[in-house]
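Asks: sequence and predicted structure below; questions after.
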Amino acid sequence: MVKYTCLFCSKKIGTEMMGRKIRCPYCGGKILYKSRSVTTKIKAR
C-alpha cells in the first residue's frame with residue numbers, strides 16, 4: 001500500500017482512498033507526494 005501526503009492539509013492518504021482521481025479526499029488538493037522512507041547512514045571504515 002502506497003502512502004501519499006497532501007501538500008496543503010498534510011494528511012496521509014492511501015491509494016484505496018483516492019480511487020481513480022488524483023485528489024485529496026479531505027481538502028480537494030491536487031498536489032500529492034510520496035513520503036520518503038527513513039534512510040540509514042553507514043560509516044566507511
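Replies: Structure's in. What do you need?

Asks: can you give me the offset of the worst-scoring helix or strand of the chain on mean pLDDT from its chain's centre?
Replies: Every helix and strand of the chain was ranked by mean pLDDT, DSSP states H and E. The lowest is helix 15-18, at a mean of 80. Relative to its chain's centre, helix 15-18 lies at 11 Å (C-alpha atoms, centre = their mean, to the nearest Å).

Asks: please save the CA atoms from it in CSV.
Replies: The C-alpha trace of helix 15-18 is given here as CSV (Å, rounded to 0.1, in the frame of the first residue of the first chain):
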residue,chain,number,x,y,z
THR,A,15,-4.2,4.7,-2.7
GLU,A,16,-7.5,3.0,-1.9
MET,A,17,-8.9,6.3,-0.6
MET,A,18,-8.2,8.2,-3.8
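
Asks: just after it, pick out the following helix or strand.
Replies: strand 32-34 (DSSP states H and E).

Asks: and that following strand, what's its mean pLDDT?
Replies: Averaging pLDDT along strand 32-34 gives 90.

Asks: what do you get for stretch 38-45?
Replies: On average, the pLDDT along stretch 38-45 is 82.

Asks: and it, what's buried?
Replies: By neighbour count with 16 or more other C-beta atoms under 10 Å, stretch 38-45 contains no buried residues. The C-beta positions use only the backbone N, C-alpha and C, and glycine is treated the same way.

Asks: same question, stretch 5-15
Replies: 5, 6, 13.

Asks: so for residue 29, what pLDDT did the model give?
Replies: Value listed for residue 29 in the pLDDT field: 92.

Asks: close enough to count as contact, it and residue 8?
Replies: Yes. Counting by C-beta atoms under 8 Å, residue 29 touches residue 8, with 4.0 Å between them.
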